[in-house]
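Test case, fold it:
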Amino acid sequence: MHFKHPEILYFLFLLIVPIVVHLFQLRRFQTSYFTNVRFLKELAIQTRKSSKIKKRLLLATRLLLLTAVIVAFAQPFFEAKDSKNASNEMYIVLDNSFSMQAKGKKGELLKRAIQELLENTPENTQFSLLTNTENFWNTDIKSVKSALQNLKYSATPFELSSITAKIKAHKSAHKKDVVIISDAIGLKENDIKNIDFDETPYFIVPEAEQKNNISIDSVYIVQTLENFYEIGIDLSAYGEDFKPVSTALYNQNKLIAKTIINFDSKKKKINFTIPKEAFHGYAAIEDNGLPYDNKLFFSISKNKKTNVISIGEPEKSSFLSRIHTSSEFNYNNYPIEALDYNSLDKQNTIILNELTEIPQALQTTLKAFVSKGGNLAIIPSDKSSISNLNTFLGNFGKIQFKNLENNPKQITKINFDHPLFSGVFENKITNFQYPKTNSSFAVSSPYPAVLSYEDQSAFVTAIQNPVSGITIFAAPINTVNSNFQQSPLIVPLFYKIGQNNQKTGVNALTIGNNIPYFADVLLTKDAILEVKGTEDSFIPIQQIMNNKVKLTFNDFPETAGNYGIFDKKEQVENVSFNYKRTESDLSQPNTKIISDFKTADTISTIFNTLQTERTDSQIWKWFVIFALLFLALEMAIIKFVK
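Numbers count the residues shown, from 1 in each chain. Next up, the predicted model:
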């Protein structure tokens with residue numbers, strides 16, 4: 001037993017006072033007998049004995065009463081089991097990612113977690129609350145009540161490592177108690193390894209009852225017909241035993257197509273045919289799983305002609321005019337001697353076709369052109385200067401040309417996953433009429449090949465970055481050196497090179513991916529583009545690049561949907577944003593990796609446990625009760641004992 005004010009125990013010396021008083025009252029007297037009271041002698045002796053017993057009982061009760069009062073003022077207590085951590089600071093991590101939309105026994109997981117926090121967090125408890133998107137430092141439940149009630153689901157996936165890093169960086173003189181409320185969807189082992197708080201965190205893992213979910217993953221153009229687009233929609237099913245699902249296509253909120261899908265496999269693809277015109281809408285499904293991935297917003301811009309120029313001898317570039325037709329491209333070819341450098345900034349794609357030497361002035365111009373979002377293709381000549389080529393290529397990456405090899409090689413491998421061939425082939429082709437080259441340069445490159453030779457060396461390499469694309473051939477493709485111009489691969493390859501990074505397909509951006517977007521608009525120096533939706537608007541980071549504006553959205557907008565890019569009041573383009581699909585699989589919560597940590601079913605359990613283990617047992621009230629009992633006992637003795 002411990003005392004909060006042990007110095008008060010010195011007052012126990014006051015116990016000597018009732019003892020002295022008692023001794024004074026018991027001093028001896030001489031007894032005198034009178035003849036007329038002889039018969040009362042025996043009764044007087046008996047009364048004197050009863051009086052001594054009563055006084056001793058009163059002395060005992062008074063001593064105990066005074067002792068109980070003094071000990072009560074000293075405030076005795078029994079030390080708590082975990083008293084050393086009684087001053088710990090509380091941090092509550094609340095996962096508000098989209099997987100918390102799933103329904104448990106008492107409703108949506110996030111809403112139920114918020115309700116439990118509001119109902120069971122003591123009003124006088126100070127804590128910090130961290131969510132995927134917001135932080136509330138050193139607050140209490142009353143102060144954050146409104147914020148919790150209005151907390152929205154976050155497009156930012158739950159990343160425990162970044163949240164715990166914020167907690168560690170928050171300076172404090174005390175240890176930290178951390179409570180993590182998450183359904184453990186997407187929880188990574190590295191997140192757990194990085195947890196090194198003084199106290200082991202508590203995990204509350206609410207469990208979803210309905211774990212089936214269907215997600216719309218992507219929308220794309222399968223093929224472009226004369227008057228129609230064939231739209232492909234990819235869907236994923238997570239769980240087991242799915243009922244038929246309704247899938248619909250909306251343009252400007254107007255229903256234009258609808259069908260029913262039966263999920264006989266985990267992945268499903270369906271096609272819709274829509275008119276070949278501007279589209280600004282979404283694909284939607286109806287299922288009983290998570291709502292956030294039931295819509296995928298996308299836009300298709302009006303067909304704009306792409307500006308393509310080839311620099312080289314006209315007779316070697318005639319095949320490009322047959323690919324870049326006037327219906328979709330503004331194509332021109334110029335020999336190096338007749339090139340107008342001022343026209344290069346207006347191009348979308350520039351093709352260097354078998355130049356023997358790339359002049360320094362052209363190198364400087366092309367470097368600036370690529371940095372502003374232009375696409376570049378380089379086809380070498382067998383007479384090209386290797387040193388000149390490598391100096392130029394050094395502006396864009398680590399790819400370098402080596403010696404020219406004069407031996408025929410077949411082009412046998414296609415990288416179907418590369419963006420230049422995405423959506424080109426319905427199935428992977430393993431046997432086709434292989435084109436060949438008679439001579440080619442050996443190429444040293446860390447970048448994945450688009451097309452490869454039979455010896456696994458690269459024939460076409462692409463350097464992809466968010467701003468532009470640089471495509472490099474390892475050999476001349478004129479009809480003397482190669483039959484590649486007769487290959488069916490040449491049309492989709494150069495078509496995609498011409499359209500690379502251009503908005504000719506489906507526009508469906510993902511919030512948080514930070515891929516730059518290029519708006520085709522000519523702005524004055526002080527003009528600013530604004531992105532507007534039905535509910536919110538924002539101004540993205542922007543950089544004027546000749547006849548384009550490079551936009552960087554970072555983590556904006558917060559809400560998925562269809563938006564417009566505006567120059568003041570004039571709408572320039574349509575753009576669509578969607579949430580990441582990382583939260584769609586509810587069937588595999590990663591609870592195994594937290595098996596070594598403390599877990600609880602509710603937040604009230606944790607608060608009760610901490611209070612029990614860290615609160616001292618105050619027993620001074622018992623001594624007050626004892627004092628009152630002794631006082632009552634003293635009064636009873638005075639009244640009833642004769």
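
Work out for me the element residue 637 sits within.
When secondary structure is defined by DSSP states H and E, residue 637 falls within helix 620-640.

what's that helix in contact with?
54, 57-58, 61-62, 64-65, 68-69, 71-77 (Cβ atoms under 8 Å, 6 or more residues apart in numbering). To be clear about C-beta, it is placed using only N, CA and C from the backbone, and glycine gets the same treatment.

try it again with 10 Å
Residues from elsewhere that reach helix 620-640, judged by Cβ atoms under 10 Å, 6 or more residues apart in numbering: 3-5, 53-55, 57-77.

can you pull the buried residues of that helix?
Across helix 620-640, burial judged by 16 or more other Cβ atoms under 10 Å covers 620, 623, 626-627, 630-631, 633-634, 637.

Strand partners (parallel or antiparallel) of the host helix or strand of residue 463?
Assessed by DSSP H and E, residue 463 sits inside strand 458-464. Sheet pairing of strand 458-464 (DSSP bridges) gives strand 449-453 (antiparallel), strand 469-473 (antiparallel).

quick one on the thing from earlier: buried subset of the contacts of helix 620-640?
Listed as buried from these are 55, 57-77; burial here means 16+ other Cβ under 10 Å.

that older thread, just the contacts of helix 620-640: which are in helices?
Counted as lying in helices by DSSP state H, out of these, are 53-55, 57-73.

roughly how far out does the strand holding residue 463 sit from the chain middle?
Chain-centre distance of strand 458-464: 33 Å, with Cα atoms, centre = their mean, to the nearest Å.

which other residues reach stretch 590-598?
Stretch 590-598 has contacts (Cβ under 10 Å, 6+ apart) with 160, 179-180, 182-193, 195, 199-205, 207, 599, 606, 609.

6 Å instead?
184, 187, 189, 192, 200, 202-203, 205 (Cβ atoms under 6 Å, 6 or more residues apart in numbering).

Can you give me the buried ones in that stretch?
The neighbour-count check on stretch 590-598 (16+ other Cβ under 10 Å) flags 590, 594 as buried.

separation between residue 495 and residue 323?
From residue 495 over to residue 323 the distance is 6 Å, taken as Cβ to Cβ, to the nearest Å.

I meant to write residue 372 there.
Distance from residue 372 to residue 323, counting by Cβ to Cβ: 24 Å.

one step back: give me the buried entries from the contacts of stretch 590-598.
Among the contacts of stretch 590-598, those classed as buried by 16+ other Cβ under 10 Å are 184, 187, 192, 202-203, 205.

Among those, which ones are in strands?
Residues of the buried ones among the contacts of stretch 590-598 located in strands (DSSP state E): 202-203.

Confidence-wise, which of the buried ones among the contacts of stretch 590-598 comes last?
Across the buried ones among the contacts of stretch 590-598, the bottom pLDDT score, 77, is held by residue 192.

average pLDDT for the helix or strand where residue 577 lies?
For residue 577, the host element (DSSP H and E) is strand 570-578. The average pLDDT for strand 570-578 rounds to 93.

if we can go back for a sec, distance from the chain centre to the helix holding residue 637, please.
With Cα atoms, centre = their mean as the basis, helix 620-640 stands 65 Å off its chain's centre.

Now for the residue positioned nearest the centre of the chain: which residues touch it?
Central residue of the chain (Cα atoms, centre = their mean): residue 157, 2.4 Å from the mean position. Neighbouring residues of residue 157 by Cβ under 6 Å, 6+ apart: 97, 186, 582.

please redo it, this time with the cut-off set to 10 Å
Residues in contact with residue 157 (Cβ under 10 Å, 6+ apart) are 95, 97-99, 132, 185-186, 512, 579-580, 582-583.

of all these, which comes closest to residue 276?
Checking these against residue 276 by Cβ to Cβ gives residue 579 as the nearest, at 28.5 Å.

For that closest one, give its distance to residue 420.
From residue 579 to residue 420 the distance is 28 Å (Cβ to Cβ).

what do you get for residue 401?
The spacing between residue 401 and residue 420, counted by Cβ to Cβ, is 20 Å.

just residue 70 next, same as before
Distance of residue 70 to residue 420, given as Cβ to Cβ: 91 Å.

Quick one: the strands in the stretch 451-600 of the chain, in order.
Secondary structure of the stretch 451-600 of the chain (DSSP state E, counting those that start in this stretch): strands at 458-464, 469-473, 506-507, 509-510, 517-519, 529-532, 537-538, 541-545, 548-552, 561-567, 570-578, 598-600.

now those in a markdown table, with distance to residue 306?
Shown next, in a markdown table, are those (distance: least, Cβ to Cβ, whole Å):
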| stretch | distance to residue 306 |
| --- | --- |
| strand 458-464 | 17 |
| strand 469-473 | 13 |
| strand 506-507 | 15 |
| strand 509-510 | 20 |
| strand 517-519 | 12 |
| strand 529-532 | 21 |
| strand 537-538 | 29 |
| strand 541-545 | 16 |
| strand 548-552 | 12 |
| strand 561-567 | 19 |
| strand 570-578 | 15 |
| strand 598-600 | 57 |
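
what about those, which gets the closest to residue 139?
Taking Cβ to Cβ, strand 598-600 is the member of these nearest to residue 139, at 21.7 Å.
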